[in-house]
Each structure stands twice: as C-alpha cells, then as structure tokens.
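*Asks:* coords below, sequence missing:
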C-alpha cells in the first residue's frame, strides 16, 4: 500500500504540472486552452485539477496507512524473534532435564 500511495502522489503531481503548463490563446470569444497540443476547455482543466486533488489525498492516506501497517508488522516480527530466541535458549536445558 505504501508503494501504491507513492505512485498516486506522483501521478497527482504530474497532473498538477500538466495543468500548470496549459496555455491559453488569449481570445475572450473562444476561451480554449491547449494542453499538450490538444484544445481543452475550462471544464476539462477543472476536472483534471479535481482528479489530481483526489489522487493526492488518496495517495497520502494510503501512504500513511501502509506505513502504520508496515511498522506494526515489523514490531510484531521483532517480538516473535525475541520469543523464538528465548524458546531456543530454554529448549536445550529442558531436553537435558527430560533425558535424566
């Protein structure tokens, strides 16, 4: 989830950069802009900005959630390693006591 969140943040940033580099024609009668050589209207630019904002928020949320999940898993693994080590240290002593 952490990786997916970062990918969504990068996509949102790319959309914002695309939106910033739209060029208007300066004609008030025909208010179209060009985005990568394609004519787009104000509604299209608004939708691109809206999608970029939603992707950014979703990416930040997934990154936060994935980071918390990863930290929880690492803490659990660390605890299990300590338990396994303590069992390993205790197991040879109990074997010797059982054979005697």
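*Replies:* All right, it came through fine. All of these numbers come straight from a predicted model, not from anything done at the bench.
*Asks:* would you map the helices across the chain?
*Replies:* For the chain, applying DSSP state H gives helices covering 2-20, 42-99.
*Asks:* now those as a markdown table including mean neighbour count and mean pLDDT?
*Replies:* The C-beta positions use only the backbone N, C-alpha and C, and glycine is treated the same way. Converted to a markdown table, these look like this (neighbours: other CB atoms under 10 Å; pLDDT from 0 to 100):
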| stretch | mean neighbour count | mean pLDDT |
| --- | --- | --- |
| helix 2-20 | 15 | 88 |
| helix 42-99 | 12 | 86 |
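*Asks:* for residue 36, which of these is the nearest?
*Replies:* Smallest distance to residue 36 across the helices of the chain (CB to CB): 7.1 Å, for helix 2-20.
*Asks:* how far off helix 42-99 does that closest one point, in degrees?
*Replies:* 170 degrees (axes from the mean of the first three to the mean of the last three CA atoms, to 10 degrees).
*Asks:* gap between helix 2-20 and the chain center?
*Replies:* Using CA atoms, centre = their mean, to the nearest Å, the distance from the centre of helix 2-20 to the centre of the chain it belongs to is 10 Å.
*Asks:* and what of stretch 77-87?
*Replies:* On CA atoms, centre = their mean, the centre of stretch 77-87 falls 31 Å from that of its chain.
*Asks:* again with stretch 36-51
*Replies:* Computed by CA atoms, centre = their mean, the chain-centroid distance of stretch 36-51 equals 24 Å.
*Asks:* what's that stretch in contact with?
*Replies:* Stretch 36-51 is contacted by residues 15, 16, 18, 19, 22, 31, 32, 33, 34, 35 when judged by CB atoms under 8 Å, 6 or more residues apart in numbering.
*Asks:* how about those in a markdown table, adding distance to residue 9?
*Replies:* Shown next, in a markdown table, are these (distance: CB to CB, whole Å):
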| residue | distance to residue 9 |
| --- | --- |
| 15 | 11 |
| 16 | 11 |
| 18 | 15 |
| 19 | 16 |
| 22 | 21 |
| 31 | 31 |
| 32 | 30 |
| 33 | 25 |
| 34 | 26 |
| 35 | 21 |
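*Asks:* closest to residue 8 among these?
*Replies:* Set against residue 8, the nearest of the contacts of stretch 36-51 by CB to CB is residue 15 (10.6 Å).
*Asks:* kind regards, and thank you for your time.
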